[in-house]
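> Give me coordinates for this.
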Amino acid sequence: MAETVRRMLGKPGAVDLRPYTKLLQSIEAREPELRELSDAELTEKATELGNAELPYDRGDLIELCAVGREAARRTLGERPFDVQLLGVMALLDGHIAEMATGEGKTLAGALAAAGFALRGQRVHVLSVNDYLARRDAEWMRPLYDLLGVAVAWIGEESTTAQRRLAYSADITYASVSELGFDVLRDRMATDPEQRVVPEAGVALIDEADSVLVDEARVPLVLAGAAESSAADEEMAELVRTLKPGIHYEIDSDGRNVQLTDAGIDTVERALGGVDLYSEDDTSVLPRVNLALHAHVLLQRDVHYVVRDGGVRLVNESRGRIALLQRWPDGLQAAVEAKEKVAVSETGEVLDSITVQALVLRYPTHCGMTGTAMAVAEQLREFYELEVAVIPPNKPNIRVDEATRLYATREEKEDALVDEVTEVHATGRPILIGTQDVAESELLAKRLADAGLECVVLNAKNDADEAAIIAEAGQYGAVTVSTQMAGRGTDIRLGGSDMSDRDRVVETGGLYVMGFGRYPSSRLDDQLRGRAGRQGDPGGSVFFGSVEDDLVANNAPETTGYRPEADGEITDPSWLSTVDHAQRVSEGQLLDIHRNTWRYNKLIDVQRSVVLEHREAVLMEDLADRQLAVDCPAQHSELVEEVGKEEVARAARLITLYHLDRGWTDHNAFLAELREGIHLRFLGRRDPLDEFNRDAVPAFKGFLDEARTRAAETFAETEVVDGKIDIAAVGVKRPSMTWTYMVHDHPFSTDFETVVGRLKGARRGEDS
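Presented below is the predicted three-dimensional model:
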């Protein structure tokens, strides 16, 4: 009934499954005949499906699902459930299939990928990390082999040759970041042979909500070597001496920090009597602010860990080390100075791409996840994707308890430890989800003090995660883990010892506890979803407190509650307050995503103009023809001296250099423009309108300017040893490039940035 109403109202998440369901009986009817075929005959059946065009008609769809089901049974020992086939059909129609944890998304995705590939589409299966890309490609390889399609995978350590070979396969598994970085590197190619990523076909996205929503707030960046930055050890030591409430104040939501008047005086005296707000030297105040942000707002074992002598960021949505993720260079160096580690290499941004722009390159994109409905509006708004809610194979009998709310963090911790003690005594396996490394280690210590042993999975030991998760369902196991999204391993009752399953079932199955509600209900659901897979018994409960960041930052008017003797708050209105705080948090995350999209919309238009022109220069003789017109005498002389081919090569490299150099400079201008555009809020002007108003004229004449500079450079070229020496006229590529992910505006909202700067300016005037 609810789905019918949603369809009538045009609401997201209302894809009609009835047309797919009607085919299930016909698919099953094909099984007896297909089981009689040899492997070679089954492969031939699959190959025959490539004779028609997408989308599949009714008959071909039945045959694909039937052949795929039989191939999976033979190669993987798994006969896909009817609901998995519903997921396959939803994916082939370009939807997001919401399938609960343990319902077989990986196999459903593989069958859909094969379906696209058999029709001649090149398929990229995108995951949240390299581990899952490799695991799933190798796991599904026997299935793909029998269906007659080739599969490969790429990871962070893949060489250029390995990447090119992997992308030539019918189906390529990769993390979204690795694909994005390859696209960025291809955009800088000076020879067609350097490129590795083929023309976009189909993007099939695993953990689609994490990739399309969470990762979409984090641009992927290609950087080129530039002057090295230095860790500001002087400022790091200075801010260590400052005291909260006296020398600096933190905003109520913990996202911004400001020097007080006393702090300004202290810093100015410590630096020899400088004026922090002097117009003669504007470099000191940013150094102080960066060091202060690093010292106060970025917490070790929460936002980052120190590993192998370096600062490693923790991916907030997955609780893993983000190997390629960093803050903007000044802040990264400030954190490294704070921790007294070597400064990482820095450089200038050559280009960047958002996950949204990356995915929208594909004419067909679809995906699967266990928690799509919570972001169905965003998937429709940003990607024009609809959600198909696939029912579970077996009814979910997990018992989800209401959140238990306490007045203080300490009372919450006491209650959780007491609950673990009581439940553990029954032998029931327990999984406790925390939000960061610090919480997991704090909780592990509290449990140890209570005489309870546990296994901890966090960013410090994520290499062991598969083994840890595999045993989390053992009788008597207690596992503490940071974010569970993207872990990719089901927790089986009894762990690896399946003979112990019945004993675990008798205890009630896996019991999931949340050490506080997450900033998003999706993350709550992802944690809950670890229990109750495939009709297993299970349970879940979250412990929260009024002092938790979620409540304190997003529902600050938390007074008037009357806790019980143990600190628990049972008033239903207060439990509603937690839900409200979570919705506020989700709204803020949506604003970040929407702002990233809105600001990048114009940039993407400008980038497409440059890329189209660059493609013509790279693949055609455009550069040579233009320079023959702009520098006719020089062009003729060089052709006579070294020949047409060498002149065309030099013309191409010179023109590409100035296109790329111009785009790098324009990127820097846009970044600086966006950084300061919010000050125009003071004049009651819309920052986005102001950004577009300045960005459009700045790009006007871009191609003409690049052509003019190319002609000036070409006119100065000389021949050395039978070659045109382009290096002598300054045409050089970066000595090295590297890729990373960077948080966009990590601390404050647009309005808070304005207010913070106003405070700083006012204090400067008063001092």
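> any idea which element the residue sitting furthest away from the middle of the chain lies in?
The C-alpha centroid of the chain is most remote from residue 640, which lies 53.2 Å away (Cα atoms, centre = their mean). In this structure, residue 640 sits in helix 632-642 according to DSSP states H and E.
> Return the distance of that helix from the chain's centre.
50 Å (Cα atoms, centre = their mean, to the nearest Å).
> name the helices or strands packed onto that helix?
If you count contacts as 3 or more Cβ pairs under 8 Å, 6 or more residues apart in numbering; DSSP states H and E, helix 632-642 packs onto helix 644-677, helix 702-715, strand 719-720, strand 723-724. From N, CA and C alone the C-beta is placed, and that goes for glycine too.
> Pairing partners for the third one, with directions?
Strand 719-720 has the following sheet partners, assigned by DSSP bridges: strand 723-724 (antiparallel).
> After the strand it pairs with, which helix or strand is next?
strand 737-742.
> got the CA coordinates for that following strand in CSV?
Coordinates of each C-alpha in strand 737-742 appear next as CSV, following Å, rounded to 0.1, in the frame of the first residue of the first chain:
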residue,chain,number,x,y,z
THR,A,737,52.3,14.4,-10.0
TRP,A,738,50.2,12.8,-7.3
THR,A,739,46.6,12.4,-6.4
TYR,A,740,44.7,12.9,-3.2
MET,A,741,41.2,13.6,-1.8
VAL,A,742,40.7,16.9,0.0
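> Other residues contacting that strand?
Residues from elsewhere that reach strand 737-742 (Cβ atoms under 8 Å, 6 or more residues apart in numbering): 177, 181, 184-185, 188, 218-225, 322, 324-328, 345, 347, 350.
> What of stretch 618-628?
Stretch 618-628 is contacted from outside by 189-192, 613, 616-617, 635, 644, 647-648, 651-652, 654-656, 707, 710-711, 714, using Cβ under 8 Å, 6+ apart.
> hmm, back to that, which positions in the helix holding residue 640 come out as buried?
634-635, 638-639, 642 (16 or more other Cβ atoms under 10 Å).
> With stretch 439-458 instead?
Result for stretch 439-458 [16+ other Cβ under 10 Å]: buried residues 439-444, 446-447, 452, 454-458.
> now stretch 57-66
60-66.
> cool, and stretch 717-724?
717, 724.
> Give me the helix or strand of the chain that scores worst on average pLDDT.
helix 750-766 (a mean of 35; mean pLDDT, DSSP states H and E).
> Check for me that residue 365 belongs to a strand.
Yes - judged by DSSP: H, G, I helix; E, B strand; the rest coil, residue 365 forms part of a strand.
> what about the residue lying closest to it once chain neighbours are set aside, helix or strand, and which?
Nearest residue to residue 365, sequence neighbours excluded (Cβ to Cβ, 6 or more residues apart in numbering): residue 203, at 4.3 Å. Residue 203 belongs to strand 202-206 when assigned by DSSP H and E.
> Run through the helices of the stretch 401-550 of the chain in chain order.
Per DSSP state H, counting those that start in this stretch, the stretch 401-550 of the chain carries helices over the ranges 409-424, 437-449, 465-470, 501-507, 521-528, 549-554.
> between the ones you listed, which gets the lowest average pLDDT?
Here the lowest mean pLDDT among these goes to helix 465-470, at a mean of 74.
> any low-confidence regions in the stretch 451-600 of the chain?
Applying pLDDT under 70 to the stretch 451-600 of the chain flags residues 459-466, 483-489, 496-497, 558-560.
> List the contacts of the spatially most central residue of the chain.
Nearest to the geometric centre of the chain sits residue 215, at 2.4 Å (Cα atoms, centre = their mean). Residue 215 sits next to 128, 176-177, 317, 355 when contact means Cβ under 8 Å, 6+ apart.
> In terms of model confidence, name the weakest of those residues.
Within the contacts of residue 215, lowest confidence goes to residue 317 (53).
> Quick check: which helices or strands does the helix or strand hosting residue 382 pack against?
Element membership for residue 382 (DSSP H and E) is helix 376-383. Secondary-structure packing of helix 376-383 (3+ Cβ pairs under 8 Å, 6+ apart): helix 355-359, helix 572-619.
> so after it, what's the next helix or strand?
Note on helix 376-383: by DSSP H and E, the next helix or strand toward the C-terminus is strand 387-389.
> can you list the residues that contact that next one?
For strand 387-389, the external contacting residues (Cβ under 8 Å, 6+ apart) are 3, 12-13, 15, 17, 86-87, 90, 95-98, 372-373, 376, 379.
> thinking in terms of the whole chain, how far from its middle is the helix or strand following it?
Per DSSP H and E, the first helix or strand lying C-terminal to strand 387-389 is strand 399-400. Averaged C-alpha coordinates place strand 399-400 at 30 Å from its chain's average position (Cα atoms, centre = their mean).
> Partner strands of strand 399-400, with direction?
In the sheet, strand 399-400 lines up against strand 538-545 (parallel) (DSSP bridges).
> In the partner strand, which residues are buried?
538-545.
> Compile those residues into TSV and extend it with columns for distance to residue 594.
Shown next, in TSV, are the buried residues of strand 538-545 (distance: Cβ to Cβ, whole Å):
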residue	distance to residue 594
538	36
539	36
540	31
541	33
542	28
543	32
544	28
545	31
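> Now do stretch 147-162, average pLDDT.
95.
> now that stretch: how far from the chain's centre is it?
Stretch 147-162 has its C-alpha centroid displaced from the chain centroid by 21 Å (Cα atoms, centre = their mean).
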